[in-house]
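Novice: here is my input; please provide its structure:
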Amino acid sequence: MADITTIIFGATGGVGSATARAAHQQGAKVVLALRDPRKQISGFTPEQERAAGIERVRADFSDPETVARAVRETRAKRAFIYALLGQTPDFLRTSITALKDAGVEFVVLLSSAGVQGDIRSVPATQFVPFAHAQVEISLDEVFGPGAYVAVRPGYFASNALWWKGMVRDGEVKTIYPEATADWITPGDIGRVCGSLLVAGPEAIAMENAVELYGPELVSFKEAVQIIGSAVGKEIQVTQLDEEAGVQWYTKELGMPAPMARDLVDVFKANAERSDREDGYYSGSAYSEAVANVQKYGGRRPRTFKEWVEENKHEFNA
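Specialist: As a prediction, this is how the structure comes out:
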(Lines give C-alpha, C1' and ligand atoms only; values in the text may rest on other atoms or scores of the structure.)
Protein backbone atom coordinates (compact mmCIF):
# COMPACT_ATOMS: atom_id res chain seq x y z
CA MET A 1 0.00 0.00 0.00
CA ALA A 2 2.90 2.39 0.68
CA ASP A 3 3.39 2.80 -3.07
CA ILE A 4 -0.25 3.80 -3.64
CA THR A 5 -0.83 7.54 -3.39
CA THR A 6 -4.04 8.62 -1.65
CA ILE A 7 -5.45 12.11 -2.15
CA ILE A 8 -7.64 13.63 0.56
CA PHE A 9 -10.13 16.35 -0.39
CA GLY A 10 -11.55 18.37 2.50
CA ALA A 11 -8.60 17.73 4.80
CA THR A 12 -9.29 20.88 6.83
CA GLY A 13 -12.51 19.35 8.18
CA GLY A 14 -12.70 17.14 11.24
CA VAL A 15 -13.37 13.95 9.30
CA GLY A 16 -11.00 14.80 6.45
CA SER A 17 -8.07 15.48 8.77
CA ALA A 18 -8.78 12.29 10.75
CA THR A 19 -8.93 10.37 7.47
CA ALA A 20 -5.55 11.76 6.44
CA ARG A 21 -4.00 10.84 9.79
CA ALA A 22 -5.40 7.31 9.72
CA ALA A 23 -4.29 6.66 6.14
CA HIS A 24 -0.80 7.98 6.90
CA GLN A 25 -0.51 5.90 10.08
CA GLN A 26 -1.38 2.79 8.08
CA GLY A 27 1.29 3.37 5.46
CA ALA A 28 -0.40 5.35 2.70
CA LYS A 29 1.41 8.09 0.81
CA VAL A 30 -0.92 10.98 1.59
CA VAL A 31 -1.63 14.07 -0.50
CA LEU A 32 -3.76 16.88 0.95
CA ALA A 33 -5.89 18.62 -1.69
CA LEU A 34 -6.82 22.07 -0.41
CA ARG A 35 -8.44 25.23 -1.75
CA ASP A 36 -5.79 27.09 0.24
CA PRO A 37 -2.62 24.99 0.61
CA ARG A 38 -1.42 27.31 3.39
CA LYS A 39 -4.14 26.22 5.81
CA GLN A 40 -3.16 24.24 8.89
CA ILE A 41 -4.52 20.71 9.22
CA SER A 42 -5.73 19.44 12.58
CA GLY A 43 -3.40 16.79 13.97
CA PHE A 44 -0.42 17.72 11.79
CA THR A 45 2.22 20.37 12.41
CA PRO A 46 4.15 21.60 9.36
CA GLU A 47 7.20 19.79 10.73
CA GLN A 48 5.25 16.53 11.06
CA GLU A 49 3.95 16.86 7.52
CA ARG A 50 7.45 17.34 6.14
CA ALA A 51 8.85 14.44 8.17
CA ALA A 52 6.03 12.20 6.97
CA GLY A 53 6.47 13.19 3.34
CA ILE A 54 2.91 14.49 3.11
CA GLU A 55 2.34 16.56 0.00
CA ARG A 56 -0.03 19.50 -0.48
CA VAL A 57 -1.70 20.53 -3.73
CA ARG A 58 -4.21 23.24 -4.56
CA ALA A 59 -7.56 21.86 -5.63
CA ASP A 60 -11.23 22.67 -5.20
CA PHE A 61 -13.51 19.66 -5.48
CA SER A 62 -16.21 21.82 -7.06
CA ASP A 63 -13.74 22.67 -9.87
CA PRO A 64 -13.13 19.58 -12.06
CA GLU A 65 -10.08 21.08 -13.78
CA THR A 66 -8.24 21.51 -10.48
CA VAL A 67 -9.30 18.01 -9.43
CA ALA A 68 -7.90 16.43 -12.58
CA ARG A 69 -4.68 18.43 -12.35
CA ALA A 70 -4.11 17.46 -8.70
CA VAL A 71 -4.62 13.78 -9.45
CA ARG A 72 -2.37 13.78 -12.50
CA GLU A 73 0.42 15.71 -10.77
CA THR A 74 0.44 13.40 -7.74
CA ARG A 75 -0.45 10.17 -9.57
CA ALA A 76 -3.03 9.43 -6.90
CA LYS A 77 -4.88 6.13 -7.23
CA ARG A 78 -7.23 6.45 -4.27
CA ALA A 79 -9.29 9.40 -3.10
CA PHE A 80 -11.37 10.59 -0.17
CA ILE A 81 -14.17 12.99 -1.13
CA TYR A 82 -17.22 14.61 0.44
CA ALA A 83 -20.51 16.02 -0.82
CA LEU A 84 -20.84 19.78 -1.38
CA LEU A 85 -24.48 20.24 -0.46
CA GLY A 86 -26.25 22.55 -2.87
CA GLN A 87 -23.02 23.94 -4.35
CA THR A 88 -22.89 22.14 -7.70
CA PRO A 89 -25.87 21.57 -10.02
CA ASP A 90 -24.66 18.13 -11.14
CA PHE A 91 -23.96 16.81 -7.62
CA LEU A 92 -20.21 16.60 -8.35
CA ARG A 93 -20.59 14.28 -11.33
CA THR A 94 -18.06 16.22 -13.44
CA SER A 95 -15.56 16.24 -10.58
CA ILE A 96 -16.06 12.51 -10.03
CA THR A 97 -15.55 11.92 -13.75
CA ALA A 98 -12.38 14.02 -13.55
CA LEU A 99 -11.09 11.77 -10.75
CA LYS A 100 -11.68 8.67 -12.87
CA ASP A 101 -10.24 10.10 -16.08
CA ALA A 102 -7.12 11.35 -14.27
CA GLY A 103 -6.32 7.91 -12.88
CA VAL A 104 -8.07 7.38 -9.52
CA GLU A 105 -9.15 3.75 -9.13
CA PHE A 106 -10.93 3.67 -5.74
CA VAL A 107 -12.95 6.33 -3.88
CA VAL A 108 -14.18 6.67 -0.31
CA LEU A 109 -17.10 9.11 -0.02
CA LEU A 110 -18.23 10.75 3.21
CA SER A 111 -21.98 10.29 2.79
CA SER A 112 -24.85 10.27 5.29
CA ALA A 113 -26.83 7.70 7.25
CA GLY A 114 -29.89 9.48 5.93
CA VAL A 115 -29.38 7.57 2.69
CA GLN A 116 -31.54 4.49 3.18
CA GLY A 117 -32.51 1.76 0.73
CA ASP A 118 -32.22 2.19 -3.04
CA ILE A 119 -30.09 5.27 -3.73
CA ARG A 120 -32.19 6.03 -6.82
CA SER A 121 -35.40 6.13 -4.78
CA VAL A 122 -34.44 8.73 -2.16
CA PRO A 123 -37.00 11.55 -2.54
CA ALA A 124 -35.81 15.05 -3.41
CA THR A 125 -37.88 16.37 -0.50
CA GLN A 126 -35.27 14.87 1.86
CA PHE A 127 -32.60 17.48 1.21
CA VAL A 128 -29.54 15.95 2.88
CA PRO A 129 -30.17 12.27 2.02
CA PHE A 130 -31.11 13.16 -1.56
CA ALA A 131 -27.97 15.24 -2.15
CA HIS A 132 -25.72 12.48 -0.81
CA ALA A 133 -27.60 9.83 -2.76
CA GLN A 134 -27.00 11.73 -6.00
CA VAL A 135 -23.25 11.72 -5.35
CA GLU A 136 -23.42 7.99 -4.63
CA ILE A 137 -25.27 7.49 -7.93
CA SER A 138 -22.53 9.37 -9.77
CA LEU A 139 -19.88 7.16 -8.18
CA ASP A 140 -21.87 4.05 -9.06
CA GLU A 141 -22.23 5.10 -12.69
CA VAL A 142 -18.73 6.53 -13.18
CA PHE A 143 -16.59 4.14 -11.12
CA GLY A 144 -18.91 1.16 -10.87
CA PRO A 145 -19.63 -1.28 -8.02
CA GLY A 146 -16.55 -2.37 -6.13
CA ALA A 147 -14.54 0.74 -7.00
CA TYR A 148 -16.01 3.01 -4.34
CA VAL A 149 -17.54 2.91 -0.88
CA ALA A 150 -19.95 5.41 0.67
CA VAL A 151 -19.34 5.79 4.40
CA ARG A 152 -22.65 6.80 5.98
CA PRO A 153 -22.24 8.18 9.51
CA GLY A 154 -25.00 9.31 11.80
CA TYR A 155 -25.15 12.53 13.81
CA PHE A 156 -21.73 14.06 14.45
CA ALA A 157 -20.62 14.63 18.06
CA SER A 158 -18.98 17.82 16.85
CA ASN A 159 -22.42 19.24 16.01
CA ALA A 160 -22.65 19.95 19.74
CA LEU A 161 -20.23 22.81 19.11
CA TRP A 162 -23.12 24.61 17.41
CA TRP A 163 -24.24 25.29 20.98
CA LYS A 164 -20.97 26.62 22.36
CA GLY A 165 -22.07 30.27 22.45
CA MET A 166 -25.22 29.26 24.32
CA VAL A 167 -23.19 27.01 26.64
CA ARG A 168 -21.13 30.05 27.62
CA ASP A 169 -24.37 31.98 28.25
CA GLY A 170 -25.81 29.17 30.39
CA GLU A 171 -28.89 28.43 28.24
CA VAL A 172 -29.12 26.12 25.24
CA LYS A 173 -32.15 26.64 23.01
CA THR A 174 -32.86 23.66 20.80
CA ILE A 175 -35.59 21.85 18.94
CA TYR A 176 -37.01 18.74 20.59
CA PRO A 177 -34.75 18.29 23.65
CA GLU A 178 -36.00 14.70 24.01
CA ALA A 179 -34.90 13.70 20.50
CA THR A 180 -31.98 11.29 20.51
CA ALA A 181 -28.83 11.12 18.42
CA ASP A 182 -25.93 8.70 18.19
CA TRP A 183 -23.21 11.41 18.36
CA ILE A 184 -20.52 9.59 16.38
CA THR A 185 -17.13 11.29 16.61
CA PRO A 186 -15.30 12.71 13.58
CA GLY A 187 -12.22 10.78 14.69
CA ASP A 188 -14.05 7.46 14.50
CA ILE A 189 -15.46 8.30 11.07
CA GLY A 190 -12.07 9.39 9.77
CA ARG A 191 -10.33 6.31 11.11
CA VAL A 192 -12.79 4.10 9.22
CA CYS A 193 -12.41 6.16 6.04
CA GLY A 194 -8.61 6.07 6.27
CA SER A 195 -8.61 2.33 6.90
CA LEU A 196 -10.87 1.71 3.90
CA LEU A 197 -8.60 3.81 1.68
CA VAL A 198 -5.61 1.72 2.73
CA ALA A 199 -7.41 -1.63 2.44
CA GLY A 200 -8.99 -0.77 -0.90
CA PRO A 201 -11.76 -2.65 -2.70
CA GLU A 202 -10.93 -5.95 -0.98
CA ALA A 203 -12.22 -4.58 2.33
CA ILE A 204 -15.79 -4.05 1.17
CA ALA A 205 -16.53 -7.25 -0.77
CA MET A 206 -18.68 -5.39 -3.34
CA GLU A 207 -20.72 -3.69 -0.60
CA ASN A 208 -20.72 -0.06 -1.63
CA ALA A 209 -22.02 1.41 1.63
CA VAL A 210 -20.87 1.23 5.25
CA GLU A 211 -23.09 2.73 7.96
CA LEU A 212 -21.51 4.08 11.14
CA TYR A 213 -23.17 5.09 14.41
CA GLY A 214 -21.96 6.19 17.80
CA PRO A 215 -22.32 3.62 20.62
CA GLU A 216 -25.01 5.37 22.69
CA LEU A 217 -28.26 7.15 21.94
CA VAL A 218 -28.23 10.38 23.92
CA SER A 219 -31.00 12.98 23.88
CA PHE A 220 -30.24 16.64 23.22
CA LYS A 221 -31.19 17.39 26.82
CA GLU A 222 -28.83 14.71 28.13
CA ALA A 223 -26.10 15.96 25.80
CA VAL A 224 -26.37 19.45 27.28
CA GLN A 225 -26.13 17.98 30.78
CA ILE A 226 -22.98 16.06 29.79
CA ILE A 227 -21.44 19.24 28.41
CA GLY A 228 -22.41 21.18 31.53
CA SER A 229 -20.81 18.57 33.78
CA ALA A 230 -17.60 18.68 31.73
CA VAL A 231 -17.28 22.47 31.80
CA GLY A 232 -18.51 22.81 35.38
CA LYS A 233 -21.63 24.80 34.63
CA GLU A 234 -25.37 24.30 35.09
CA ILE A 235 -27.01 24.88 31.72
CA GLN A 236 -30.71 25.45 31.17
CA VAL A 237 -32.38 23.77 28.19
CA THR A 238 -35.17 25.66 26.42
CA GLN A 239 -37.22 24.13 23.61
CA LEU A 240 -37.62 26.00 20.34
CA ASP A 241 -40.71 25.47 18.22
CA GLU A 242 -40.31 24.21 14.66
CA GLU A 243 -40.19 27.58 12.91
CA ALA A 244 -37.78 29.03 15.46
CA GLY A 245 -35.63 25.94 15.00
CA VAL A 246 -35.53 26.38 11.23
CA GLN A 247 -34.65 30.06 11.65
CA TRP A 248 -31.87 29.22 14.11
CA TYR A 249 -30.25 26.74 11.71
CA THR A 250 -30.47 29.14 8.78
CA LYS A 251 -29.46 32.37 10.53
CA GLU A 252 -26.95 31.11 13.09
CA LEU A 253 -25.38 28.28 11.08
CA GLY A 254 -26.01 29.47 7.53
CA MET A 255 -27.79 26.27 6.51
CA PRO A 256 -29.88 26.28 3.33
CA ALA A 257 -33.54 26.47 4.34
CA PRO A 258 -34.41 23.03 2.86
CA MET A 259 -31.59 21.45 4.86
CA ALA A 260 -32.74 23.15 8.06
CA ARG A 261 -36.34 22.05 7.51
CA ASP A 262 -35.21 18.49 6.79
CA LEU A 263 -33.20 18.37 10.02
CA VAL A 264 -36.09 19.72 12.09
CA ASP A 265 -38.47 17.15 10.56
CA VAL A 266 -36.05 14.29 11.32
CA PHE A 267 -35.79 15.22 14.98
CA LYS A 268 -39.52 15.84 15.27
CA ALA A 269 -40.17 12.27 14.12
CA ASN A 270 -37.48 11.02 16.47
CA ALA A 271 -38.85 12.87 19.50
CA GLU A 272 -42.37 11.57 18.91
CA ARG A 273 -41.23 7.98 19.38
CA SER A 274 -41.34 6.70 22.94
CA ASP A 275 -38.86 3.82 22.53
CA ARG A 276 -35.83 6.03 21.74
CA GLU A 277 -35.58 4.43 18.32
CA ASP A 278 -36.54 5.74 14.91
CA GLY A 279 -35.90 4.55 11.38
CA TYR A 280 -32.19 5.29 11.67
CA TYR A 281 -31.66 3.71 15.08
CA SER A 282 -33.90 0.66 14.96
CA GLY A 283 -33.06 -2.93 15.78
CA SER A 284 -30.09 -4.74 14.32
CA ALA A 285 -29.33 -1.98 11.79
CA TYR A 286 -28.21 0.30 14.61
CA SER A 287 -26.10 -2.32 16.40
CA GLU A 288 -24.46 -3.35 13.13
CA ALA A 289 -23.58 0.26 12.32
CA VAL A 290 -22.01 0.65 15.78
CA ALA A 291 -20.04 -2.57 15.26
CA ASN A 292 -18.80 -1.31 11.89
CA VAL A 293 -16.63 1.28 13.65
CA GLN A 294 -14.60 -1.53 15.23
CA LYS A 295 -14.87 -3.77 12.17
CA TYR A 296 -13.45 -1.27 9.70
CA GLY A 297 -11.61 1.14 11.99
CA GLY A 298 -9.99 -1.30 14.39
CA ARG A 299 -11.13 0.40 17.62
CA ARG A 300 -14.33 0.66 19.62
CA PRO A 301 -16.33 3.84 18.98
CA ARG A 302 -15.90 6.72 21.40
CA THR A 303 -18.87 7.76 23.52
CA PHE A 304 -20.25 11.28 23.45
CA LYS A 305 -19.09 11.79 27.03
CA GLU A 306 -15.53 10.84 26.07
CA TRP A 307 -15.61 13.21 23.10
CA VAL A 308 -16.87 16.07 25.27
CA GLU A 309 -14.13 15.49 27.87
CA GLU A 310 -11.50 15.55 25.12
CA ASN A 311 -12.94 18.72 23.57
CA LYS A 312 -14.37 20.65 26.52
CA HIS A 313 -11.91 23.49 25.90
CA GLU A 314 -13.78 24.16 22.64
CA PHE A 315 -16.92 25.13 24.56
CA ASN A 316 -14.99 27.81 26.44
CA ALA A 317 -13.14 29.15 23.39
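Novice: now do the helix or strand of the chain with the lowest mean pLDDT: distance to the chain's middle.
Specialist: Ranked by mean pLDDT, DSSP states H and E, the weakest helix or strand in the chain is helix 46-52, scoring a mean of 87. Taking Cα atoms, centre = their mean, to the nearest Å, one finds the center of helix 46-52 at 25 Å from the center of the full chain.
Novice: which other residues reach it?
Specialist: Identification of contacts with helix 46-52 by Cβ atoms under 8 Å, 6 or more residues apart in numbering yields 24, 30, 40-41, 44, 56. From N, CA and C alone the C-beta is placed, and that goes for glycine too.
Novice: okay, now the unreliable bits of the stretch 1-150 of the chain?
Specialist: Scanning the stretch 1-150 of the chain for pLDDT under 70 picks out the ranges 1-2, 87.
Novice: cool, and the stretch 201-317 of the chain?
Specialist: For the stretch 201-317 of the chain (pLDDT under 70), the answer is 274-279, 317.
Novice: number of nearby residues for the residue lying closest to residue 206 once chain neighbours are set aside?
Specialist: Nearest residue to residue 206, sequence neighbours excluded (Cβ to Cβ, 6 or more residues apart in numbering): residue 146, at 5.1 Å. Residue 146 has 14 neighbouring residues, counting by other Cβ atoms under 10 Å.
Novice: secondary structure element holding residue 146?
Specialist: Remark: residue 146 resides in no helix or strand, with elements defined by DSSP states H and E.
Novice: in contact with the most far-flung residue of the chain relative to its centre, which residues?
Specialist: Here the chain reaches farthest from its C-alpha mean at residue 234, the gap being 30.0 Å by Cα atoms, centre = their mean. Neighbouring residues of residue 234 by Cβ under 8 Å, 6+ apart: 170, 228.
Novice: element containing it?
Specialist: Using DSSP H and E, residue 234 falls outside every helix and strand.
Novice: measure it to residue 160 for me?
Specialist: 17 Å (Cβ to Cβ, to the nearest Å).
Novice: ranges for the helices of this protein?
Specialist: Along the chain, the segments classed as helices by DSSP state H run 14-25, 46-52, 64-74, 93-102, 127-142, 164-169, 186-199, 220-231, 242-253, 257-271, 283-297, 304-315.
Novice: elements contacting the longest one?
Specialist: Contacting helix 127-142 under the criterion 3 or more Cβ pairs under 8 Å, 6 or more residues apart in numbering; DSSP states H and E are the following elements: helix 93-102, strand 106-110, strand 148-153, helix 257-271.
Novice: swap in 6 Å and give it another go.
Specialist: helix 93-102, helix 257-271 (3 or more Cβ pairs under 6 Å, 6 or more residues apart in numbering; DSSP states H and E).
Novice: next, the buried residues of the longest one.
Specialist: Looking back up the chat, that one is helix 257-271. Going by neighbour count (16 or more other Cβ atoms under 10 Å), the buried part of helix 257-271 is 258-264, 266-267, 270-271.
Novice: ok, so of those, who is nearest residue 98?
Specialist: residue 259 (26.0 Å; Cβ to Cβ).
Novice: can you pull the contacts of the closest one?
Specialist: Residues counted as contacts of residue 259 (Cβ atoms under 6 Å, 6 or more residues apart in numbering) are 127-128.
Novice: OK, contacts around the residue nearest to residue 102 when sequence neighbours are not counted?
Specialist: Spatial nearest neighbour of residue 102, chain neighbours left out: residue 71 (3.6 Å); criterion: Cβ to Cβ, 6+ apart. When contacts are counted by Cβ under 6 Å, 6+ apart, residue 71 touches 102-104.
Novice: can you pick the most crowded of the residues you listed?
Specialist: Neighbour max across the contacts of residue 71 (other Cβ under 10 Å) = residue 104, 25 neighbours.
Novice: give me the nearest residue to that one, chain neighbours excluded.
Specialist: Per Cβ to Cβ, 6+ apart, closest to residue 104 is residue 79, 4.8 Å.
Novice: with residue 221 instead?
Specialist: Nearest non-adjacent residue to residue 221, counting by Cβ to Cβ, 6+ apart: residue 177, 4.0 Å away.
Novice: next one: phi and psi at that neighbour?
Specialist: Backbone torsions of residue 177, given as degrees, to the nearest 10, read phi -60, psi -20.
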